[in-house]
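Visitor: got a predicted structure here, sequence first:
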Amino acid sequence: MIVIDTSLAIGFLQGNEETISRIKAIQEENDIIGMSVVSLFELLHPLRHRKLRDQERIARSFIHQLSLLALDQDAVEASAEIMGSLMRTGQAVNALDVLIAGTARACGADLILSNDEDFERIGKITDLKVEIMKNG
């Protein structure tokens, strides 16, 4: 399974050609694309705040194609381990990104795909494989 973070989902929904191409390539390889419910929150709350109902329908259509990953006890435990390691090394990382990474780790993801450099730092202190798309 390949987990995309919020930044990749946004890039896809905004029509970023590199992101669309990478996601379509993953789908053609029949890999499962997962997304954390934390990313779902990050996608939906600005749309709800601004009452952008058409964009929300488009986002939900995209999300429907993905495997939605729960923030359960295993994901929270993995997230706490990641955050603890980051804090011991003095690295500041967005807590929501840590929850996304912990969810991916708990679900046995093969790769996290992102354009957020927080995931690069997370990848360095965990066994998670991370691919950063510089233009994603």
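Guide: Everything's here; your move.

Visitor: and stretch 62-73, end to end?
Guide: Terminal residues of stretch 62-73 are spaced 26 Å apart (C-alpha to C-alpha, to the nearest Å).

Visitor: pLDDT (mean, whole number) over that stretch?
Guide: Averaged across stretch 62-73, pLDDT comes to 96.

Visitor: do stretch 118-127 as well
Guide: Per-region confidence: stretch 118-127 scores 94 on mean pLDDT.

Visitor: likewise stretch 40-51?
Guide: Stretch 40-51 shows a mean pLDDT of 93.

Visitor: got the buried residues for it?
Guide: Within stretch 40-51, the residues that qualify as buried by neighbour count (16 or more other C-beta atoms under 10 Å) are 40, 42, 43, 47. The way it works is simple: take the backbone N, C-alpha and C, and place the C-beta from them, glycine included.

Visitor: name the residues that touch that stretch?
Guide: The contact list for stretch 40-51 (C-beta atoms under 8 Å, 6 or more residues apart in numbering) reads 6, 9, 10, 13, 52, 53, 55, 56, 59, 63, 68, 96.
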